[in-house]
Every structure is written in C-alpha cells, then in structure tokens.
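[1] Sequence unavailable; structure follows:
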C-alpha cells in the first residue's frame, strides 16, 4: 500500500493499531504483521497467513474488513495491490 506521506502515521496509529488485534483474532487468521519498505517509508505491506482461501474470503466479506478498508483507502497515494501466494518449497 502506497500512502500519502502525510498519512503514514494516521494509518499506523489511527487504523492499524486500532484493528490489528481484531484481525489477528479473526477466525482463520494464523499470522498478520505490518511491514515497511526500507527505502520508501510510505510504502507499507500487511503480511498474513490464513488457514485457507475460504477464511481469507470470510475476512474480506466481514464488517471488520469493510470498516478498516474504508478508513485505509482514503489515505492512499496510489491504488493498492493485493497478492495471494502459495509456498512451493
């Protein structure tokens, strides 16, 4: 997620800190952390592990996600990207 430079602290302290425990406790969430790109401090990533795709989709359809996403997307400088991946080795 690429945030406006003036919005990074708002996201970290006003959105992420308020929702991280609820997301981590969401059924099927096995791990979730916030990462920052080292050479571009207004680019952040959430990295999460879910039991399966159905659990992730349940989260994406939840009121928690909708509420959090609404507060997050207004802070972006660029369109957000999301990737789902599988472990190969």
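    Nice, thanks for sending it over. Bear in mind the structure is a predicted one, so any value in this text is a computation, not a measurement.

[2] which residues does the residue nearest the centre of the chain contact?
    The residue lying closest to the centre of the chain (CA atoms, centre = their mean) is residue 46, at 4.2 Å. Residues counted as contacts of residue 46 (CB atoms under 8 Å, 6 or more residues apart in numbering) are 1, 32-35. (Each C-beta comes from the backbone N, C-alpha and C, glycine too.)

[3] who touches stretch 27-45?
    Against stretch 27-45 from outside (CB under 8 Å, 6+ apart): 1-5, 7-8, 11-12, 16, 20, 23-24, 46-52, 54-56, 58-59, 77.

[4] per-residue confidence averaged over that stretch?
    Stretch 27-45 carries an average pLDDT of 97.

[5] so what's residue 86 scoring on pLDDT?
    Residue 86 is assigned a predicted lDDT (pLDDT) of 85.

[6] neighbours of it, just the number please.
    Per other CB atoms under 10 Å, the neighbour tally for residue 86 reads 5.

[7] give me the number of residues near residue 20?
    By other CB under 10 Å, the residues close to residue 20 number 15.

[8] what does residue 65 give?
    Neighbour count for residue 65, taken as other CB under 10 Å: 17.

[9] show me where the protein has helices.
    In the chain, the helices defined using DSSP state H lie at 8-9, 17-24, 53-60, 63-73.

[10] What's the mean pLDDT across the second one?
    Mean per-residue pLDDT for helix 17-24: 97.

[11] same check, this time on stretch 58-65
    97.

[12] tell me the contacts of residue 89?
    Taking CB under 8 Å, 6+ apart, we find residue 89 in contact with no residue.

[13] can you list contacts of stretch 64-83?
    With contact meaning CB under 8 Å, 6+ apart, stretch 64-83 is reached by 1-5, 7, 10-11, 14-15, 19, 22-23, 26, 42, 59.

[14] do the same with stretch 18-26
    By CB under 8 Å, 6+ apart, the list of residues contacting stretch 18-26 reads 29, 31-32, 34, 48, 58-59, 62, 64, 67-68.

[15] tell me which of the residues you listed is nearest to residue 85?
    residue 48 (11.0 Å; CB to CB).
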